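Q: Provide a 3D model corresponding to the input given below.
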Amino acid sequence: MLNKLHKAGRPIPDREIFEFVQDKVSESYAYLYERDLHPLFLEKFKIWIQGSVNNGILGLNEFKELTYTHGTSQSFDCFYFKHNQRRLRILKGDFLYHKLCTEKSIHFKYLDDGILEASDFLIISVPFSDSGNTPINLEEILTECDEMGIPVWIDAAYMIMANGIYLDLNHKCIEGISFSMTKGFYGCERLRIGVRMKRTYEDDGIDVANSMSMVSAVGCYVGYEIINKFDVDYIFNKYRSRQIILCEEFGLTPSDSVIFGLGNPTISEFDIYNRGTKYRRICLSNEMGDFELDNPTLNYYDSKFK
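A: I've put the predicted structure just below:
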């Protein structure tokens with residue numbers, strides 16, 4: 001039964017969402033040169049993400065510099081470049097992209113393998129990529145980064161499908177936070193709809209591109225239409241009961257992120273889902289949705305970013 005489940009996180013194949021996204025992609029070509037669409041989407045997204053009943057983000061209004069990004073990875077790329085003289089720290093089990101992109105060009109060490117030092121910089125996902133829950137000792141880590149002057153970036157890619165996540169952005173160490181619609185809304189995988197929020201304007205590549213409206217008009221239009229139609233808590237609220245049923249069926253613990261279940265690390269059949277930590281994160285998406293396409297993008301992610 002477990003062979004039907006995936007190691008990599010993928011969106012739930014929801015027919016209503018997929019058909020809506022496809023319709024909006026077709027409509028978007030009429031708005032390719034609509035310059036007001038880009039800032040309108042960003043401002044609307046900020047209101048939308050703060051409208052969650054399930055989760056809470058404190059201090060987001062202090063992050064006034066909003067930019068469109070290609071998913072979350074573009075935000076990470078700029079953060080790597082800005083701090084390339086420092087050593088990157090991430091928790092084991094976090095997004096593998098960080099290690100793959102930096103291990104040959106930037107000093108790298110897992111946070112689990114040594115104490116923080118003043119010359120470090122840190123990226124951490126909230127919800128945590130390896131569990132879908134709040135990272136263990138998150139507040140202690142951020143407080144230590146405050147005290148040591150260590151720059152921090154928050155990856156909130158899974159926030160739109162979670163429950164019970166409370167993130168305090170008032171820590172002065174946090175330079176920015178990134179969101180994505182890719183993991184939540186099926187059909188958006190190749191649209192790369194992301195939003196970066198920073199405290200200050202820094203004139204990096206993303207800032208320059210946004211200032212010249214060199215962003216995806218298709219992504220902005222589809223993203224704008226999604227947040228007009230679907231509540232920010234839509235995915236979690238629609239699929240929570242299905243998640244619980246599947247977790248009971250497969251002997252898993254439900255994650256706070258609705259697409260995941262967590263396997264028992266003492267049971268060997270869950271070992272294939274081990275990403276180097278105590279967790280055995282399993283993606284339930286294919287068993288939750290109401291249809292599935294042969295999606296080469298998702299198949300690629302399963303093989304590369306497990």
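Q: helices of the stretch 1-150 of the chain, residue ranges please.
A: 15-28, 37-49, 73-82, 97-102, 138-148 (DSSP state H, counting those that start in this stretch).
Q: so who does residue 145 touch?
A: 116, 122, 151-152, 171, 173 (CB atoms under 8 Å, 6 or more residues apart in numbering). Every C-beta, even on glycine, is put in place using the N, C-alpha and C of the backbone.
Q: about what we covered before: where among the helices of the stretch 1-150 of the chain is the average confidence lowest?
A: For those, mean pLDDT drops lowest on helix 97-102, to a mean of 88.
Q: in it, which residues are buried?
A: 97-98, 101-102 (16 or more other CB atoms under 10 Å).
Q: same list (those) but as a markdown table, adding distance to residue 26.
A: Shown next, in a markdown table, are the buried residues of helix 97-102 (distance: CB to CB, whole Å):
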| residue | distance to residue 26 |
| --- | --- |
| 97 | 31 |
| 98 | 35 |
| 101 | 34 |
| 102 | 38 |
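Q: what's the farthest-apart pair in those?
A: Greatest spacing in the buried residues of helix 97-102, by CB to CB: 97 and 102 (9.2 Å).
Q: for the stretch 151-300 of the chain, which segments count as helices?
A: Going by DSSP H, counting those that start in this stretch, the stretch 151-300 of the chain shows helices at 205-211, 217-229, 234-250, 285-288, 296-304.
Q: tell me which of these sits nearest to residue 18.
A: Of all the helices of the stretch 151-300 of the chain, helix 217-229 sits nearest to residue 18, with 11.7 Å by CB to CB.
Q: and the helices of the stretch 1-150 of the chain, which is most packed in?
A: Among the helices of the stretch 1-150 of the chain, ranked by average contacts under mean count of other CB atoms under 10 Å, first place goes to helix 73-82 (a mean of 20).
Q: export that one to CSV, keeping only CA atoms.
A: C-alpha atoms of helix 73-82 as CSV (Å, rounded to 0.1, in the frame of the first residue of the first chain):
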residue,chain,number,x,y,z
SER,A,73,13.7,29.3,-4.9
GLN,A,74,14.4,32.7,-6.5
SER,A,75,14.3,34.3,-3.1
PHE,A,76,16.8,31.7,-1.8
ASP,A,77,19.1,32.4,-4.7
CYS,A,78,19.3,36.1,-3.8
PHE,A,79,19.8,35.3,-0.2
TYR,A,80,22.7,33.0,-1.0
PHE,A,81,24.3,35.6,-3.1
LYS,A,82,23.9,38.4,-0.6
